[in-house]
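**Q** need coordinates for the following:
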Amino acid sequence: MDTDLLLSSVWTAMLWVDWRALFALVAVIISWRGYLIARKSISIAEENARRQEPLIKAYLSQGGYRVDQDKSERIYEFLVSVSNRSDRNNSITQLSLRIFYTLSTGIQQRIEILCDREIVDNDAGQLGTTLTFPTMLDSQQAIEGRCFFRVKNELLEGMNIDKHQICFKDNFDVESSIDIHILQEKA
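**A** Okay, the predicted model is just below:
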């Protein structure tokens, strides 16, 4: 009888060990599945956060400049398209034109001119509506319009202009810009 009791207790111990191993294996599988779900959840949250970041893209459709009648100023005119690629609403708070130039001494500098809201073009409507700032941009929205800049000719005398850059600043202080290396004078 002692052997039967001993065999019975050995079998019971072995079965108990097998059940513990099985429970441990099930716990590992459940934990692994939870880990995979958590990883996917973090990935989705990171993607949503990335899509909420401000992202304004600007494109140039047309551009040029003309010298006014008394030859004291250059008036730059651009037709631009601006799109908000974020899932968050945004607005463009500032629009400026940067002119990068090199002096005859070889020193590189730039001037920055804010958008001139008072310029009214005789060809109104030819290139679209004039953009006003600040301008609200809903998520995934795009707008198109003209913008004007007025620069005194005396500021540009004796300079070798390297490039023009149109800069858009949004309400999150994020800048987006368009580089223009060749700009045509209009008649």
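**Q** Gln69 belongs to a helix?
**A** No - assessed with DSSP: H, G, I helix; E, B strand; the rest coil, Gln69 is coil; it does not lie in a helix.
**Q** how many other residues sit next to it?
**A** For Gln69, the neighbour count with other C-beta atoms under 10 Å is 7. Backbone N, C-alpha and C define where each C-beta goes, glycine included.
**Q** distance of it relative to Ile75?
**A** 11 Å (C-beta to C-beta, to the nearest Å).
**Q** what does Ile182 give?
**A** Distance from Ile182 to Ile75, counting by C-beta to C-beta: 18 Å.
**Q** those two: which is more packed in?
**A** Higher neighbour count among Ile182 and Ile75: Ile75, with 17 against 7, using other C-beta under 10 Å.
**Q** quick one: that one is in a strand?
**A** Yes - assessed with three-state DSSP, Ile75 lies in a strand.
**Q** for Ala49, see how far away it is.
**A** 43 Å.
**Q** got the contact list for the one residue sitting closest to the centre of the chain?
**A** Among the residues of the chain, the one closest to the centroid is Leu55, at 2.4 Å (C-alpha atoms, centre = their mean). Leu55 sits next to Asn84, Arg85, Ser86, Val174 when contact means C-beta atoms under 8 Å, 6 or more residues apart in numbering.
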